[in-house]
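[1] what follows is a predicted structure for the sequence shown.
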Amino acid sequence: MKDNSALEHHPPNRDELRRRKGFKKGLQLSVLLLGEKGSGKSTFLNNLCGQDISLSDKEDNEGAKNMTIENENTAEDLDSEYKTAHLSPGLKHVTRRVYLNDELGVPVTLDIISFPGCGDNVDNSQSSAVIKNYLDQQFENVLKEEVRIKRNTKDTDGRPHVCLYFLKSTPRGVKKFDIELMKTICDKVNIIPIIPKADGLTEAELNLHKEVVRKEILDNDIHVFDFKNDILGETLALYDMDIDFSSAKSRYCHDTKVKDILPFAIVCSNNFRTNAENGIVHIREYEWGSLVVEDQNTSDFIYLKAILLGSHLQELKDVTNNVLYENYRAKVLTEKRTNYDIPNFSYVDEGSRESISNVSTRRNSSSRTLGNLDSNDENACQIYKEIDEKNRIIEDYQRKIDSLEKMLASPNKNSV
Ligand SMILES: Nc1nc2c(ncn2[C@@H]2O[C@H](COP(=O)(O)OP(=O)(O)OP(=O)(O)O)[C@@H](O)[C@H]2O)c(=O)[nH]1
């Protein structure tokens, strides 16, 4: 028999219970990665997750065990691909699911969405529309699910909570395509701008590029994720770290505001080694020596990682649901209301308005009588009857859809 005496003497307190519950349930974050080919998205993802993750839509490697691949090409497609190689490849999305367990204390499920080739076609005019439609579709799926009688929001919520936008530095500043795309999607997803491969820039060049990116974002009215007055020092709580401002290389202090360091300038690498605390650190090697990716004085990588997986994970989700999605929902429902031509009180004359509200009051009270109505009352009643009838039809359809879905889910049961 098990000895439970230790448990009986030290019952877990409330915080501990909450922590255990949170641990079991885990956290989830959906990240959209955008940026041109070779901008360092895969390398960043490998460093963020501490494992090898391919974002290619063709490769399937050892690191792809936990991954769901959508739009995967089969070997039979290769021949047809060869024949159409001269044509613009278009844009497909690739999704990956990664489970992160170690170092954070609470398991995190990371859903990655990427559009390989985004901005790389000769003609990119359709790319923005493809990505915008994808984001709209995710909102629409959630809205559809909300109005169903039986809801199943778990499997249908594919809304990305954050878009990490990789803006490679070019002599001409930010590419027009990137500006247009950010403008198109900034009210559908939280954008965090990133300057990748910061090791290729001198400090003066990096500061200049940061300035250029900030100016383009401001001038083009692109809404990036609002860090408000959050301070950098607090983002590192996940690692029980503080900013090492004693170091001569330190660029920031504890009270530096996160919004003041945007866009995050990161350095990443696929080479790693084990450090003194048995943790893995990623190393970028040069002729003159090496650089640690996770070193807070080297790049903003560690801040970005702590923000995504710790300090701002919940806020990114809350803003997605309570602000971006709510705006979409309000807009769509307002449009639908107008299209359905539901009687709008502002178009009804005073007398009828009173009648409608009288009928409405009577509908709400259980003593509803239809006798002795004047013509306005009759009109209002007619409108309500029609609405009731439509609602009944919608509910009937919903029931039919539900039973069809059930049949599809268990085809054997229903086969004769
Ligand atoms: N110097 C330097 N090179 C980097 C950095 N990050 C990535 N790279 C290199 O840049 C190249 C492209 O990086 P990827 O991570 O494959 O870029 P990607 O955006 O995923 O590219 P696609 O998968 O083709 O879309 C690789 O050779 C990386 O090693 C960095 O911070 N500094």
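    Okay, I see it.
[2] only alpha carbons, please: show stretch 111-130 as PDB.
    Extracted C-alpha coordinates of stretch 111-130, given in PDB (Å, rounded to 0.1, in the frame of the first residue of the first chain):
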ATOM      1  CA  ASP A 111       1.400  26.100 -33.600                       C
ATOM      2  CA  ILE A 112       3.500  27.500 -36.400                       C
ATOM      3  CA  ILE A 113       2.000  28.800 -39.700                       C
ATOM      4  CA  SER A 114       4.300  29.900 -42.500                       C
ATOM      5  CA  PHE A 115       3.900  30.900 -46.200                       C
ATOM      6  CA  PRO A 116       7.100  29.700 -47.900                       C
ATOM      7  CA  GLY A 117       7.800  31.900 -50.900                       C
ATOM      8  CA  CYS A 118       5.900  34.800 -49.500                       C
ATOM      9  CA  GLY A 119       7.200  37.900 -51.400                       C
ATOM     10  CA  ASP A 120       9.500  35.800 -53.600                       C
ATOM     11  CA  ASN A 121       7.300  35.500 -56.700                       C
ATOM     12  CA  VAL A 122       8.000  37.800 -59.700                       C
ATOM     13  CA  ASP A 123       4.400  38.800 -59.400                       C
ATOM     14  CA  ASN A 124       3.500  39.100 -55.700                       C
ATOM     15  CA  SER A 125       0.200  40.900 -56.300                       C
ATOM     16  CA  GLN A 126      -1.800  37.900 -55.200                       C
ATOM     17  CA  SER A 127       0.300  37.000 -52.100                       C
ATOM     18  CA  SER A 128      -1.200  39.700 -49.800                       C
ATOM     19  CA  ALA A 129      -4.700  38.600 -50.800                       C
ATOM     20  CA  VAL A 130      -3.900  34.900 -50.100                       C
END
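[3] tell me the contacts of the residue of the stretch 51-200 of the chain found nearest the ligand?
    Closest residue of the stretch 51-200 of the chain to the ligand, C-beta to the nearest ligand atom: K197 (3.9 Å). C-betas here are computed from N, CA, C, even on glycine. With contact set as C-beta atoms under 8 Å, 6 or more residues apart in numbering, K197 has these partners: 39-40, 168-169, 267-268.
[4] run through the residues of the stretch 201-350 of the chain sitting next to the ligand.
    With C-beta under 6 Å from any ligand atom as the criterion, the stretch 201-350 of the chain meets the ligand at residues 267-268, 270.
[5] and which of the contacts of K197 is nearest R148?
    Ranked by distance to R148 (C-beta to C-beta), these are led by S39 at 39.7 Å.
[6] residues in contact with that closest one?
    Per C-beta under 8 Å, 6+ apart, neighbours of S39: 166-168, 196-197.
[7] try 7 Å this time
    Going by C-beta atoms under 7 Å, 6 or more residues apart in numbering, S39 touches 166, 168, 196.
[8] could you do Y286 as well?
    With C-beta under 7 Å, 6+ apart, Y286 has no contacts at all.
[9] if it is in a bridge, with which residues?
    G289 (DSSP bridges).
[10] from S42, how far off is Q51?
    12 Å (C-beta to C-beta, to the nearest Å).
[11] the more surrounded of those two?
    S42 (19 against 16; other C-beta atoms under 10 Å).
[12] might one say that that one is in contact with D52?
    No: using C-beta atoms under 7 Å, S42 is not in contact with D52; the gap is 9.1 Å.
[13] which residues do these two both contact?
    Joint contacts of S42 and D52 (C-beta under 7 Å, 6+ apart) do not exist.
[14] okay, strands next: where are they in this protein?
    For the chain, strands defined by DSSP state E occupy the ranges 27-34, 94-100, 108-114, 162-166, 191-195, 264-265, 271-274, 280-286, 289-292.
[15] and these as a markdown table, adding mean pLDDT?
    Conversion of the strands of the chain to a markdown table gives the following (pLDDT from 0 to 100):
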| stretch | mean pLDDT |
| --- | --- |
| strand 27-34 | 93 |
| strand 94-100 | 89 |
| strand 108-114 | 92 |
| strand 162-166 | 96 |
| strand 191-195 | 96 |
| strand 264-265 | 94 |
| strand 271-274 | 86 |
| strand 280-286 | 88 |
| strand 289-292 | 88 |
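[16] any chance of these in CSV, plus distance to H254?
    Below are these laid out as CSV (distance: least, C-beta to C-beta, whole Å):
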stretch, distance to H254
strand 27-34, 26
strand 94-100, 27
strand 108-114, 25
strand 162-166, 24
strand 191-195, 21
strand 264-265, 18
strand 271-274, 28
strand 280-286, 23
strand 289-292, 21
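[17] which one of those strands lies closest to F139?
    Nearest of the strands of the chain (C-beta to C-beta): strand 27-34, 12.9 Å.
[18] ok, the closest one: who's next to it in the sheet?
    Here, using DSSP bridges, strand 27-34 pairs with strand 108-114 (parallel), strand 162-166 (parallel).
[19] my guess is L48 contacts A306. True?
    No: using C-beta under 7 Å, L48 is not in contact with A306, being 10.8 Å away.
[20] thinking again about what came up before, between the strands paired with strand 27-34, which gets nearest to R392?
    Per C-beta to C-beta, nearest to R392 of the strands paired with strand 27-34: strand 108-114, 38.8 Å.
[21] who's in contact with that closest one?
    For strand 108-114, contacts defined as C-beta under 7 Å, 6+ apart pick out 26-33, 41, 45, 49, 55, 93-100, 160, 309.
[22] quick check: buried residues in it?
    Neighbour counts over strand 108-114 (16 or more other C-beta atoms under 10 Å) mark 108, 110-114 as buried.
[23] cool, and stretch 32-47?
    32-36, 39-47.
[24] ok, which of the residues you listed also contact the ligand?
    Near the ligand, by the rule C-beta under 6 Å from any ligand atom, you find 35, 39-43 out of these.
[25] so which of those residues are in helices?
    Within these, residues falling in helices by DSSP state H are 41-43.
[26] so V258 sits right up against F225, yeah?
    No: with contact defined as C-beta under 7 Å, V258 does not count as touching F225 (9.6 Å).
[27] who has more neighbours out of these two?
    V258 (26 against 23).
[28] residues touching K41, list them.
    Per C-beta under 7 Å, 6+ apart, neighbours of K41: 33, 35, 55, 114, 166.
[29] disregarding residues adjacent in the polypeptide, which is nearest to it?
    Once flanking residues are discounted, K41 sits nearest to L33: 4.7 Å by C-beta to C-beta, 6 or more residues apart in numbering.
[30] okay then, goodbye and thanks.
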